[in-house]
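Colleague: Sequence plus predicted model, see below.
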Number of protein chains: 2
Amino acid sequence: MRGFNIGLFGFGTVGQGVYDILKDLNYSKLGTIQKICVKDPVKSRKISKENFVYNKEEILLDEKIDVIIETIDDPEEAFKIVKTALDHKKHVITANKKMLAYHLKELTNIAKTQGVAFLYEASSCGSIPIIRLLDNFYTIDELLYVGGIFNGTTNYILHKIDEENLIFQTALKQAQEKGFAESDPTNDIEGLDSLYKLIIITYHAYGIMLDVKKVPLLGISTLNDIDIKFAKKHHLKIRLVAYSGIKNNQYVAFVLPIFVNKNSPLYHTEYEYNAVVLESRYSSQQFLKGKGAGSYPTASSIIADLQSIANNYKYRNHKESTVNIGTIDFDKDIKFVVYLRKNVLSDNILINWEKRYVLDNQEFGIANVNLKELKKITEEIRKSNGFIALWNDPWNRKNTHLENHIEQVKEVNQIEI
Amino acid sequence: MRGFNIGLFGFGTVGQGVYDILKDLNYSKLGTIQKICVKDPVKSRKISKENFVYNKEEILLDEKIDVIIETIDDPEEAFKIVKTALDHKKHVITANKKMLAYHLKELTNIAKTQGVAFLYEASSCGSIPIIRLLDNFYTIDELLYVGGIFNGTTNYILHKIDEENLIFQTALKQAQEKGFAESDPTNDIEGLDSLYKLIIITYHAYGIMLDVKKVPLLGISTLNDIDIKFAKKHHLKIRLVAYSGIKNNQYVAFVLPIFVNKNSPLYHTEYEYNAVVLESRYSSQQFLKGKGAGSYPTASSIIADLQSIANNYKYRNHKESTVNIGTIDFDKDIKFVVYLRKNVLSDNILINWEKRYVLDNQEFGIANVNLKELKKITEEIRKSNGFIALWNDPWNRKNTHLENHIEQVKEVNQIEI
């Protein structure tokens, strides 16, 4: 193994984590950070000025640098950096999930043509090596589904709501104070961050690039007291779940809140942890849990990628040309049972209620929705501050315990709320 | 990718699983089973006689056959088959954990000299790709520990004892009827099966071969009513855990029962599931759960290995020459807090009780033991039908909840049992 000459972009939480680990004696033989490119020349930083450059070409056009580690926030700028680096035959490691969700396929093709490694384990579920496993272990396997809790911020909020009986706003504020949520938490709480990761993971699981705009999506920003009490009443917890897989012989994908009971591994995924559940035709269900964010957990995934480049590893993208799972539209006739709450006055959508309650101006309860309508319904619901959560666990094909809950609901004429 | 010519040894649960999966259209391009070697020429089997041979040389000396898949029970015979196959430059996949626990290093060296692949993911924790992850992802990482529930049979028994208030013997009988336990369950319930897997996993995690005879070991065969009630009284479950890692800056390994509370991921590892917990210096804790046995889950790991051979993958054994974790003896001054039960009359060992109760002729409670004495104590305890279980979760470095339990125990003068 030789040591790489590394160009690092960004010196935030993740960039500093990478810097720290590579200073550690056990890891320093992997390579040396030659230059760090940052935006702001004035900002005070914990290491001296000589380490930094402010013009990306100083790294990208430096022929001595053979590996680029990209950890900046701005997805457009990240795309330019990664593309230029690949064009100059440099190996690239990136953690930018939004950039990947839009440009993954294009960049993969460039990397292949150029014969360099393009790795991004840190982009999805932090320290959980899910991309590696999909690319390496579940290779020709026919995956039934892959999904889970892909966002630590929302999980921390949902955990606190459940554990300490907080309302959404208080839990969000606590998460921000603890550094788990950004000052602008939109990407997290609206489910976009989970969706970006789902797109990356789906590319490795099924060889398809989902369209950000087409996947049914609802976050937890509209979660209110009625929803929380409804969950507690039924001894359930709420989790935000991303799912990609086969249901009723058709491919479906979504990011939606879900009600889980104590038999689900997601029920026990607490604080800012991430979880991945997957099953292949023959492997039976697998469950993985780990820290989804944080300086060192994320940076350790980047370092593992660096080690892999030293071993001449490149993603194989086995699935790309081999899997045929039909057309990837979301216009299919697949029934979902959901918990739903909406304003009685918002009548842009017709709800097929299984059991309906009314309190103040809110109607809520158990309803049937079809995948065809799901995208439209989630959008309408969000506009009117309503809420939807899957009532059935998508990877528990028996769903027995949750069906019991529906029976319970049917029997009760009025629930106390 | 070309299709391999495969020689299969054994046609039991796992061998038949491999046969079935390779008949599946999606997987058949990986290769074709040319011959299956079995012991008994008379036994009736689900496929016709032409598939079988009864003399191992018919496969091992066949130059057309390039991959051997070994799934037989007998470890001595398995060793001979694997060694001969490697000597003849054939790639080898094996699931034989006992054989590996004794011969892993020697066979690895032969495979390296011969330049062939020698893979055995199916030997450890069935469908959980732990060897792959240690070899590929946690490569140069400094692992703090790796361990977990490595045996599905004992976990099924412990789950049933807890869930249905069974006694050990009834739960064992049920496990045998369900096919989870062998007619001779000694290897499982005495912890040997877990130990074999621990040795294989430790080789990949730390580059060292543990000696079967030296690792402190106790299974669950002596578990009795007092132990079960003591666990229930404190809202704890009993699990059989294998552990390899650093404690108090020293390397330790053991297979022991443990008391876990509801905050432990092992508490929620039920039925015949296996679980792996590991943490590297920077990655934070990772948890993996999956089926540890069964025809298809085990065979799917073998098929993943076969796919890897097609990709020219060989284990890298990074850790072998690089890790220095001191001498691997178990003669160290490391304190463990344990639950312990012994016959009052068996006084070959002096117990340092923290809290002691007596009922009939059994004394039990919380005690301190030193790693130095642990091997001797487990042996004495087993001889006299006593029981030991770790009172502290070895990978929860804070141990706060379990310390609370000790406080509780101290406060109670007499527990009802």
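Modeller: Good, I have the coordinates. These numbers come from a predicted model, not from an experiment.
Colleague: At which residues are the strands of the stretch 51-200 of chain A located?
Modeller: For the stretch 51-200 of chain A, the strands defined by DSSP state E, counting those that start in this stretch occupy A:52-53, A:67-70, A:91-94, A:118-119, A:143-149.
Colleague: got the contact list for the longest helix anywhere in chain A?
Modeller: Longest among the helix segments of chain A by residue count, using DSSP state H, is helix A:97-114. Surrounding helix A:97-114, the residues in contact under the criterion CB atoms under 8 Å, 6 or more residues apart in numbering or on different chains are A:75-76, A:78-79, A:82-83, A:86-87, A:89, A:92, A:94, A:117-118, A:120, A:123-124, A:187, A:192-193, A:195-197, A:199-200, A:203, A:209, A:212, A:314-315, A:317. The C-beta positions use only the backbone N, C-alpha and C, and glycine is treated the same way.
Colleague: and it, C-alpha only, in CSV?
Modeller: The C-alpha atoms that make up helix A:97-114 are tabulated as CSV, following Å, rounded to 0.1, in the frame of the first residue of the first chain:
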residue,chain,number,x,y,z
LYS,A,97,-26.2,12.9,-0.9
LYS,A,98,-28.2,15.6,-2.6
MET,A,99,-25.6,15.9,-5.4
LEU,A,100,-25.6,12.2,-5.8
ALA,A,101,-29.4,11.9,-5.8
TYR,A,102,-29.3,14.0,-9.0
HIS,A,103,-26.0,13.1,-10.7
LEU,A,104,-25.0,9.6,-9.5
LYS,A,105,-25.5,7.8,-12.8
GLU,A,106,-23.7,10.4,-14.9
LEU,A,107,-20.8,10.5,-12.5
THR,A,108,-20.6,6.7,-12.3
ASN,A,109,-20.3,6.6,-16.0
ILE,A,110,-17.5,9.2,-16.1
ALA,A,111,-15.6,7.3,-13.4
LYS,A,112,-15.9,4.1,-15.4
THR,A,113,-14.7,5.6,-18.6
GLN,A,114,-11.8,7.2,-16.7
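Colleague: what's the distance between the nearest residue to A:Glu76 once chain neighbours are set aside and A:Phe9?
Modeller: Leaving aside its sequence neighbours, A:Glu76 sits nearest to A:Met99 (CB to CB, 6 or more residues apart in numbering or on different chains; 7.7 Å). Distance from A:Met99 to A:Phe9, counting by CB to CB, to the nearest Å: 12 Å.
Colleague: neighbouring contacts of stretch A:358-375?
Modeller: Contacts of stretch A:358-375 (CB under 8 Å, 6+ apart): A:214-217, A:226-227, A:230, A:252, A:254, A:330-345, A:349, A:351-357, A:377, A:388, A:391, A:406, A:409, A:417.
Colleague: do the same with stretch A:29-49
Modeller: When contacts are defined by CB under 8 Å, 6+ apart, stretch A:29-49 is touched by residues A:1, A:3-11, A:15-16, A:18-19, A:22, A:51-56, A:58-59, A:62, A:64-65, A:67, A:72, A:303, A:306-307, A:310, B:140.
Colleague: How far off centre is it?
Modeller: 28 Å (CA atoms, centre = their mean, to the nearest Å).
Colleague: gap between the two ends of it?
Modeller: End-to-end distance for stretch A:29-49, by CA to CA, to the nearest Å: 24 Å.
Colleague: swap in stretch A:214-221?
Modeller: End-to-end distance of stretch A:214-221 (CA to CA): 20 Å.
Colleague: quick one: average confidence on it?
Modeller: Taken as a whole, stretch A:214-221 carries a mean pLDDT of 94.
Colleague: can you give me how far that stretch is from the chain middle?
Modeller: 12 Å.
Colleague: what sits up against that stretch?
Modeller: Residues outside stretch A:214-221 that contact it (CB under 8 Å, 6+ apart): A:154, A:157-158, A:168, A:186, A:188-192, A:195, A:198-199, A:238, A:240, A:253-257, A:329-330, A:371, A:374-375, A:378, A:381-382, A:387-388.
Colleague: List only buried entries from those residues.
Modeller: A:154, A:157-158, A:168, A:188-192, A:195, A:198-199, A:238, A:240, A:253-257, A:330, A:371, A:374-375, A:378, A:381-382, A:387-388 (16 or more other CB atoms under 10 Å in any protein chain shown).
Colleague: So which of those belong to helices?
Modeller: With DSSP H as the criterion, helices contain A:154, A:157-158, A:168, A:188-189, A:192, A:195, A:198-199, A:371, A:374-375, A:378, A:381-382 from among the buried ones among the contacts of stretch A:214-221.
Colleague: Looking at those residues, which is nearest B:Lys291?
Modeller: The nearest member of these to B:Lys291, counting by CB to CB, is A:Leu198 at 25.0 Å.
Colleague: wait, what's in contact with that closest one?
Modeller: A:147, A:150, A:210, A:215, A:242-244, A:253, A:255.
Colleague: Please indicate which of the residues you listed has the highest neighbour count?
Modeller: A:Phe150 (30 neighbours; other CB atoms under 10 Å in any protein chain shown).
Colleague: Hmm, it is touching A:Ser194, no?
Modeller: Yes. A:Phe150 lies in contact with A:Ser194 (CB atoms under 8 Å); the separation is 4.3 Å.
Colleague: Find residues that contact each of those two.
Modeller: In terms of CB under 8 Å, 6+ apart, A:Phe150 and A:Ser194 are both contacted by the residues A:Ala242.
Colleague: For the stretch 1-150 of chain A, which residues are neighbours of chain B?
Modeller: A:17, A:21, A:24, A:26-27, A:30, A:127-129, A:132-133, A:136-142 (CB under 8 Å from any CB of the partner chain).
Colleague: 7 Å instead?
Modeller: Residues of the stretch 1-150 of chain A found near chain B (CB under 7 Å from any CB of the partner chain) are A:21, A:26-27, A:127-129, A:132-133, A:136-137, A:139-140, A:142.
Colleague: Among these, name the ones in helices.
Modeller: Using DSSP H, the residues of the stretch 1-150 of chain A next to chain B in helices are A:21, A:26-27, A:132-133, A:136.
Colleague: Distance to A:Glu177 and neighbour count for those - can I get that in TSV?
Modeller: Formatted as TSV, these follow (distance: CB to CB, whole Å; neighbours: other CB atoms under 10 Å in any protein chain shown):
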residue	distance to A:Glu177	neighbour count
A:Ile21	27	22
A:Asn26	34	13
A:Tyr27	32	21
A:Arg132	34	23
A:Leu133	34	25
A:Asn136	39	25
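Colleague: want to try a markdown table for those, with pLDDT and distance to B:Gly294 as columns?
Modeller: Formatted as a markdown table, those follow (pLDDT from 0 to 100; distance: CB to CB, whole Å):
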| residue | pLDDT | distance to B:Gly294 |
| --- | --- | --- |
| A:Ile21 | 95 | 39 |
| A:Asn26 | 82 | 38 |
| A:Tyr27 | 88 | 38 |
| A:Arg132 | 93 | 24 |
| A:Leu133 | 93 | 20 |
| A:Asn136 | 85 | 22 |
